[in-house]
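[1] My questions are about this predicted structure, shown below with the sequence.
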Amino acid sequence: MTGELTLRGDILPVGGVRHKVLAARRAGISQLVLPRLNRADVEDVPKALLAGITLHYVDEVREVLGLALV
């Protein structure tokens, strides 16, 4: 998971998505939670880096909690 949220629970976009995906891959992480507003940034990430990684796009903190506390 990466990102920032408002006091109302809305998820804000983050920078460095490519580097975050690369770091997750190196660490063996297979699922990433990213802000939905960063979806376009993921299109710039080479497909080879995304292989084997499941991306979850979220808009609010409730969605994050649902994914993280399974």
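    Received it, and whenever you're ready, just let me know what you need. The structure displayed is predicted, hence computed values, not measured ones. Residues are numbered from 1 along each chain as shown.
[2] mind listing the strands for this protein?
    4-5, 11-12, 31-35, 54-58 (DSSP state E).
[3] could the ones you listed be laid out in CSV, adding distance to V21, mean pLDDT and mean neighbour count?
    For every residue, glycine as well, the C-beta is placed using N, CA and C. Output for the strands of the chain, formatted as CSV (distance: least, C-beta to C-beta, whole Å; pLDDT from 0 to 100; neighbours: other C-beta atoms under 10 Å):
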stretch, distance to V21, mean pLDDT, mean neighbour count
strand 4-5, 18, 86, 12
strand 11-12, 17, 94, 17
strand 31-35, 7, 93, 18
strand 54-58, 8, 95, 15
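[4] mind checking which of those is nearest A68?
    Nearest of those to A68, taken as C-beta to C-beta: strand 31-35 at 7.1 Å.
[5] ok now the closest one, how far from the chain's centre?
    2 Å (C-alpha atoms, centre = their mean, to the nearest Å).
[6] So which elements touch that strand?
    Applying 3 or more C-beta pairs under 8 Å, 6 or more residues apart in numbering; DSSP states H and E, one finds that strand 31-35 contacts helix 17-27, strand 54-58, helix 61-68.
[7] Report the inter-axis angle for that strand versus strand 54-58.
    30 degrees (axes from the mean of the first three to the mean of the last three C-alpha atoms, to 10 degrees).
[8] sorry, back to before: can I get the strands of the chain in TSV including distance to A24?
    Formatted as TSV, the strands of the chain follow (distance: least, C-beta to C-beta, whole Å):
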stretch	distance to A24
strand 4-5	18
strand 11-12	18
strand 31-35	6
strand 54-58	10
